[in-house]
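Engineer: Just to be clear, the model below is a prediction. Sequence and coordinates:
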Amino acid sequence: MEIGTALSFALPLGVGIAAVGSGLGLGRAVSAAMEAMGRQPEAAGKIQVGMIIGCALIEALTIYALVTVFLLMGKIA
Amino acid sequence: MKDLGLDFIRRVMAASAMVAMLAFLFVSVYYDWRFGLGIFIGTAWGIANFYFLTELVVAVFTPYQEIDRKKVVLLVLAKFPALYGAGFLVLYYSKLPVPAVLIGFHVLFAVAVLKVLGRLLNERLAKADQSRNINPTVR
């Protein structure tokens, strides 16, 4: 199999897997934050900050996958 | 850790903007202006993304607060189609180096981690000074 053909299969698959992982991670993070806020509403500010930074880091992983795809897209003939 | 509220996020964004400007000037002068611009645009994109994420979380997930639906819809539209579309256009159509944009995107996280590490170190030093009965302001 040529590298271009392999990449044209692998790239969308890779982004898809990254998006699924990121979605699962975000879901877990937000559900845990919701639970924590429900138990301690007075600590909502601190929980929100942790959640925002966590969400941004998780989201960044999908963006890395997307940028990697952009870098490798030039190799598809 | 004290004062790790939403103000911390605003300060991280402001510090990242300053780092981006300095990095743009430094890299443009000493290396390549395209690379410097890539870092600057990557950081600007990261700051905008972080800002929209923060506003969205605060608008939706604040307890005892009525959800402003119009604001939430606007934020979602600004973050997902508009900002991500702008990112796509920058990566696909501009001649900026992709690694530079990626480095710029990292700046925000680097600033946040360094700020937290600095605070931890400062608190530890203050505790050590207290245990030795030294006034921490007279370092």
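Structural biologist: Everything's here; your move. Numbering: from 1, shown residues only, chains lettered A, B, ... in the order given.

Engineer: going forward, measure contacts between C-alpha atoms and count neighbours the same way
Structural biologist: OK.

Engineer: Please report how far residue B:125 lies from residue B:119.
Structural biologist: 10 Å (C-alpha to C-alpha, to the nearest Å).

Engineer: Now do the helix of greatest length in chain B: which elements does it pack against?
Structural biologist: The helix spanning the most residues in chain B, taking DSSP state H as the definition, is helix B:98-131. Under the contact criterion of 3 or more C-alpha pairs under 8 Å, 6 or more residues apart in numbering or on different chains; DSSP states H and E, helix B:98-131 touches helix A:44-73, helix B:6-30, helix B:33-60.

Engineer: how far off helix A:44-73 does the shortest one point, in degrees?
Structural biologist: So the one you mean is helix B:6-30. Angle between the axes of helix B:6-30 and helix A:44-73 is 30 degrees (criterion: axes from the mean of the first three to the mean of the last three C-alpha atoms, to 10 degrees).

Engineer: and helix B:6-30, what does it pack onto?
Structural biologist: helix A:44-73, helix B:33-60, helix B:98-131.

Engineer: quick one: what helix or strand has the residue most central in space within chain A in it?
Structural biologist: Compute the mean C-alpha point of chain A, and by C-alpha atoms, centre = their mean the closest residue is residue A:22, 3.1 Å away. Using DSSP states H and E, residue A:22 sits in helix A:3-39.

Engineer: What ranges in the chain fall below the confidence cut-off?
Structural biologist: Since you didn't name a chain, this refers to chain A. A:77 (pLDDT under 70).

Engineer: Chain B was what I was after
Structural biologist: B:1-3, B:135-139.
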